[in-house]
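Colleague: got a predicted structure here, sequence first:
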Amino acid sequence: MNTELLGIIATYLLTLVIAIPLGKYLAKVFAGERVWTDFLKPIESGIYKLSGINPKEEMNWKQHMKALLTINLVWLVYGFFVLMYQDKLPMNPDGNPGMTPDLSFNTIISFVVNCNLQHYSGETGVTYLTQHFVLMFLQFVSCATGIAAAVVLFKAFRDKTSTKLGNFWEFFVRSITRLLLPLSLVMAIILAFNGSPTSYEGKDQFISVQGDTVNVSRGPAAAFIAIKHLGTNGGGWFGANSTHPLENPNYITNMVELIAQVIIPIAMVIAFGIFIRRKRLGWMIFGVMTIGMLLLLIPTVSSELGGSPAIAKMGISQATGAMEGKEVRFGPAISAYWSTVTTIISTGSVNSMHDSTMPLTGAWQLLGMMINSFYGGCGVGVLNYFIYLIIAVFISGLMVGRTPEFLGHKVEAREVKIAALITLLSPFLILTGTAIASYVFTNHGEAAWAVQPKNWLNNPGFHGFSEMLYEMTSSNANNGSGFEGLGDNNVFWNVATGFVLFLGRFLPIIGPIAIAGLLGAKKYIPESAGTLKTDTLTFSLMTFAVIVVLNALSYFPALALGPLAEYFTMLK
Amino acid sequence: MKKYIIQSLRLTLVLMVLLCVIYPLIVAFAGGFSKGKGGGEKITKNGKVIGYAAIGQSFTKPEYFWGRPSAVGYNAAGSAGSNKGPSNPDYLKEVSNRIDTLLKYNPSLKRSDIPADMVTASGSGLDPNISEQGAIIQIKRIAAYRKIDEKSVTELVVKNTQGPLMGLFGPSSVNVLKLNLALDELKK
């Protein structure tokens, strides 16, 4: 077997070796059981005291959501202004300008919602102050927000009937002190010793071997890159993200970054099973997600290793696969693996340029983001999957002709309505968003915006349509990667994706939490012979079928117009 | 509601100290002990910095090994890929031109010898590496321009090829800057 494929297998196995124990650990941390990191308790007490928080105060699901939305609102307002006026603030050695209001609006929403869609370029669009005090800060707290929300859902199903679902601040703070911060510290130091910069010095200048004057952007990037991956954020320190040789210097760092971004999503699934005392359910969910991942991964790797048919016609050797937009030190195989995992877990970090991948690869990337719950983002992956579960429970209930129930709680009209609305939200935002963008492109090409609509596509034809579809899909999934050829720093894309980002984040958090809160408060019905068991193979298959059918129905036409059409035109 | 606002503000401030001051300062301190002392590993010649080990630079002269095409002309203050789609006709013309240039400067080459990385732009525009095959196809040209025997150039390429991680994982690659510096040393 060749070394590139071995690299994929080793990376995934190492991921599991870390993620599974981590899941067990997280279940204990959030249940308040004894763990070896309890020596950090004094730090947490200090944080609560300084913030005026009583971590023992129990909240119901509505109070949880109020707390969550309030603190997110605070970050939105704070970051919006700091980004706009960053040129007047310290820690700006490269003299970068402030953001325009629409760019600031887009950027702050994008980082608050754990998306990290970037319509600016790291080297020229932000300062060291905003990189750390706005963007990196949000990479920590947006991830912790997602995890805390997931724990609220866990809580609702732990006991038989419960309206008291723990304290939001406690879940949130613990996600940082017991998980994100220690892991980031370890990872940042590994990155630093492999060549990622850590110092606060500004740009450097040197004369190259051939006599060119070269400026090199740098800065304290290692700390940022660590949480960027651990927190499934994905926003790059540099414009070229993790293709950049200082952001991802070698094959080791590439493996570390790949592993870091997948461990928490997997750990959360394992933790769910343990926390609600139904380990089997946790493993079943993990199984469905893993099969889903493999079904996206295998064709992606094969399509990239196959190389570009157009370049093959020129008689060039593509021994290792398609190389446009890829780095030699990684190669096409692990780059394909990276593109699959980052699109399913909504990281949006890239180690190769997705715009230049093969047409079918683009289709799998899009589908990964549309489904958005094969592992999924930190915390929110479980929440998204939960919606599919509820739909599957409902449909199964109809098929066998009895009232559907989930973990001993009756699933009734109200819960199913919420689940249905959340399911419909994604196709609504993605498809209407893309439709409006296409309309503006064809009918208002001359609009006097920073990037004129007629110029915003970097590629003609079907691929151009894919660029717009990808941007909307990535925003809705809170993924953050792009077909980066799209000229997206203008008022249209900044505002439109800003709204899609916002709705695509908070409604899919509130929906599942509301369902969980409502279900958790209902009377517990003990299991009987007539109970629909959710931890069986049959039900897992049912859930998988629901995921496939819902997404195929929603997105097949759009995919056919973009990547599939491009694929078939390249065949001839 | 008011209670949540005040708690949010205070918690935000406290966490900022922890996450944006203490955490990166610890990392910066640790990074000070790394090879490049936290500023990126530099390569010097005669006491002057002539490049960063990790960052590719432009080589266009025929007596040097060329790196990969770059969408940003190796601008290390503005990294980016080409973002050209695989079916874009302008892009395919560009690739075809690159092949012609390679064939012109390396007349003994067959098309099927040329590896894809030598005619496609990297993701960062700063790729420091080329594939081993990418270096091998340039040996004849370099030996001819520098009037040295091919064997010693080939030896250099072999010496500067980094194999897969632990011999098992990932591709092998050649750092163009280091190879060219070794080439300059050879002349003396």
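Modeller: Okay, I see it.
Colleague: now the longest helix seen in chain B: average pLDDT?
Modeller: Among the segments of chain B that qualify as a helix by DSSP state H, the longest is helix B:89-105. What helix B:89-105 shows for mean pLDDT is 95.
Colleague: counting contacts, what elements does it pack onto?
Modeller: On a contact count with 3 or more CB pairs under 8 Å, 6 or more residues apart in numbering or on different chains; DSSP states H and E, helix B:89-105 meets helix A:309-312. C-beta coordinates here come from the backbone N, C-alpha and C atoms, glycine included.
Colleague: which strands and helices sit next to the helix it packs on?
Modeller: With 3+ CB pairs under 8 Å, 6+ apart as the test, helix A:309-312 has helix A:565-571, helix B:89-105 packed against it.
Colleague: any chance of those helices in TSV, with mean neighbour count and distance to A:Glu471 too?
Modeller: Rendered in TSV, the data for these read as follows (neighbours: other CB atoms under 10 Å in any protein chain shown; distance: least, CB to CB, whole Å):
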stretch	mean neighbour count	distance to A:Glu471
helix A:565-571	16	16
helix B:89-105	15	20
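Colleague: could you dump these into CSV and include distance to A:Met314?
Modeller: Putting those into CSV (distance: least, CB to CB, whole Å) gives the following:
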stretch, distance to A:Met314
helix A:565-571, 14
helix B:89-105, 6
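Colleague: of all those, which one is nearest A:Trp456?
Modeller: Taking CB to CB, helix B:89-105 is the member of the helices and strands packed on helix A:309-312 nearest to A:Trp456, at 16.4 Å.
Colleague: any idea how far the closest one is from the chain center?
Modeller: Its chain's C-alpha centre and that of helix B:89-105 lie 21 Å apart, by CA atoms, centre = their mean, to the nearest Å.
Colleague: what's in contact with it?
Modeller: Helix B:89-105 is contacted by residues A:310-311, A:314, A:316, A:459-460, B:62, B:69, B:82, B:84-85, B:109, B:111, B:114, B:118-120, B:137, B:141 when judged by CB atoms under 8 Å, 6 or more residues apart in numbering or on different chains.
Colleague: ok, which of the helices and strands packed on helix A:309-312 comes nearest B:Gly40?
Modeller: Nearest of the helices and strands packed on helix A:309-312 (CB to CB): helix B:89-105, 29.1 Å.
Colleague: helix or strand right after that closest one?
Modeller: Later in the chain than helix B:89-105, the nearest helix or strand by DSSP states H and E is strand B:129-130.
Colleague: quick one: mean pLDDT over that following strand.
Modeller: Computed over strand B:129-130, the mean pLDDT rounds to 96.
Colleague: list only buried entries from the contacts of helix B:89-105.
Modeller: For the contacts of helix B:89-105, a burial check counting by 16 or more other CB atoms under 10 Å in any protein chain shown picks out A:310-311, A:314, A:316, A:459, B:69, B:82, B:84-85, B:109, B:114, B:118-120, B:137, B:141.
Colleague: ok, so of these, who is nearest A:Leu407?
Modeller: Nearest member of these to A:Leu407, counting by CB to CB, is B:Gly85, at 46.3 Å.
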